[in-house]
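Undergrad: The following comprises the amino acid sequence and a computationally predicted model.
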Amino acid sequence: MQADYLVISNGQLLLAALLIVVNFAISLTFRLGLAQSLMIATVRMVVQLLLIGFVLEWLFLQQNPLVIVAIALIMACVASQAAVGRTKRRFVGIYWNSLLSILVAAGLVAGWGLGVTVQVEPWYDPQYFIPMLGMVLGNTLTGISLGLDRFMEGLVEQQDQVETLLSLGADRWEAGRRLIQEAVRTGMIPIINSMMVTGLVSLPGMMTGQILAGASPIDAVRYQIVIMFMIASATAMGTFGVVLLAFNRLLSADHRLRLDLLRPS
Amino acid sequence: MLTVENLGRRLDERWLWRGVNFALEPHMRLGLVGPSGSGKTLLLRSLVQLDRVAEGQVSFEGQPLAAWSLPLYRTRVIYLPQRPTLFEGTVEENLQMLFQLAVHQKRCYERERIVDYLERLNRSAGFLDQVAPRLSGGEAQILGLLRALQLAPQVLLLDEPTASLDPESTARVEALLETWLRADQQRACIWTSHDATQIERVTDGILDLAGVQDAG
């Protein structure tokens, strides 16, 4: 493939690595105690990125949809684990709830975004499918994580209010609706904020990458708009889905608050 | 009316109470006594299904609770916690908000009735304009009581309903509850209190949880 961008050699990578020396110097001079973590972080960053580079090289050569779907499923599993990993409390089945929400949200959005909107042929073309799915998953998991955590914390903090409403005749919807709203709102704030300032404060990474790779800025912007809509939609669906599933479990069908199902993580 | 059969509640490995049996008949005032930590509050919460029981069955008007729509049941049998939880807003808004619930939609807020209750408690209608979260413990208990009474329940489960009140207010609350009970032959209540003389004064029968603890 003829690249119309400058290729970075190993020597040039070393030159870039010199920049991190600044961090070591500051840490050692002011005894921040960060040198060891910095070292580990530096090595991890380089190794992980080089490895994923090889994986992607291999992946983009794949023609078999089953292989690509399998990779997508693995990505969704990792994302759903990570989403639950950041919550302060757990309940049995929380991982399945997270996975189900992510699969449905990302699946629908990827179908609409790639199949119907961008019209990639074939739909599973890994060059489009994998990076765009990755961006959708990465953002959806933040929404799921925030929403789920807010909902569970809300139930614990407002246990008295919820039980007071229940004991005066509220059904579980009436008792939990406000907490559902708060949780979904919390989960959606980051993507709304990011849509507000995108292009003004930050240039999105994908767009920057496309421009560096030689795409015209106008084309790159169009891709960015599509991906922003995909992310916003998947975040909303995923957050709403996971909060509803948690609601269904923690405010049970017999109109009882089941905080006894919650365990600290 | 409200029948409890072989109710048992486990806390970790031990039984808090087990083999609790009683039948609350119309017009009955049952005193629930037992030392602190014997699970009086948990028993009252179990009767309205806020808590799960390990075994046994509660029935109301001949139907097991599983056959009842719980929101509806909880308007007939109301549990009044010792420290009522209040919502943002004034006392009146706290009373009004309940009529937005689906189960109460056929009724509406009756201010005159509340003012009448307040007079019986020697309080002015100005109480309705106070900011609910700033009420004292005793005033919160009064709001909790009004909030339950306005729904015209059939059974009240009263958890230390006068614990934060002075003697005069206590007497007035007792009198108000007596009036409520007499207004309808089908009404009944369960009281818990740490004050043995109050239990003697306001109830006709006693269920002692110490007697059923660790039984069986």
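TA: Great, that's in hand.

Undergrad: and residue B:137, what does it touch?
TA: Residue B:137 makes contact with B:83, B:164 under the criterion C-beta atoms under 8 Å, 6 or more residues apart in numbering or on different chains. C-beta here means a position set from N, CA and C on the backbone, and glycine is covered the same way.

Undergrad: Check residue A:51 too.
TA: If you count contacts by C-beta under 8 Å, 6+ apart, residue A:51 has none.

Undergrad: quick one: which helix or strand includes it?
TA: Assigning secondary structure by DSSP states H and E places residue A:51 in helix A:35-59.

Undergrad: Check which residues of that helix are buried.
TA: A:38, A:59 (16 or more other C-beta atoms under 10 Å in any protein chain shown).

Undergrad: Could you pull out the buried residues of the lowest-mean-pLDDT helix or strand in chain A?
TA: Least confident helix or strand, chain A: helix A:205-212 with a mean of 89, by mean pLDDT, DSSP states H and E. Residues A:206, A:207, A:210, A:211 are the ones in helix A:205-212 that count as buried (16+ other C-beta under 10 Å).

Undergrad: I'd like the residues you listed laid out as CSV, including distance to residue A:32.
TA: Shown next, in CSV, are these (distance: C-beta to C-beta, whole Å):
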residue, distance to residue A:32
A:206, 33
A:207, 34
A:210, 37
A:211, 36
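
Undergrad: restrict those residues to those near chain B?
TA: With the criterion set as C-beta under 8 Å from any C-beta of the partner chain, no member of the buried residues of helix A:205-212 is near chain B.

Undergrad: What is the nearest of these to residue A:152?
TA: residue A:206 (32.5 Å; C-beta to C-beta).

Undergrad: What count of nearby residues applies to the residue lying closest to residue B:84 once chain neighbours are set aside?
TA: Ranked by C-beta to C-beta, 6 or more residues apart in numbering or on different chains and with sequence neighbours excluded, the top spatial neighbour of residue B:84 is residue B:144, at 2.9 Å. For residue B:144, the neighbour count with other C-beta atoms under 10 Å in any protein chain shown is 23.

Undergrad: In this structure residue B:144 contacts residue B:78, no?
TA: No. Contact criterion C-beta atoms under 8 Å: residue B:144 and residue B:78 do not qualify, at 10.1 Å.

Undergrad: Find the residues that touch each one of the two.
TA: When C-beta under 8 Å, 6+ apart defines a contact, no residue borders residue B:144 and residue B:78 alike.

Undergrad: And the helices in chain B?
TA: Using DSSP state H, the helices of chain B run over B:40-47, B:70-76, B:91-96, B:111-120, B:137-149, B:167-182, B:196-202, B:209-212.

Undergrad: same deal with the stretch 1-150 of chain A?
TA: All helices of the stretch 1-150 of chain A, identified by DSSP state H, counting those that start in this stretch, fall at A:10-17, A:20-29, A:35-59, A:65-85, A:94-110, A:126-157.

Undergrad: circling back to that earlier point, and the contacts of the least confident helix or strand of chain A?
TA: The contact list for helix A:205-212 (C-beta under 8 Å, 6+ apart) reads A:5, A:131, A:135, A:217, A:219, A:220, A:221, A:223, A:224, A:227.
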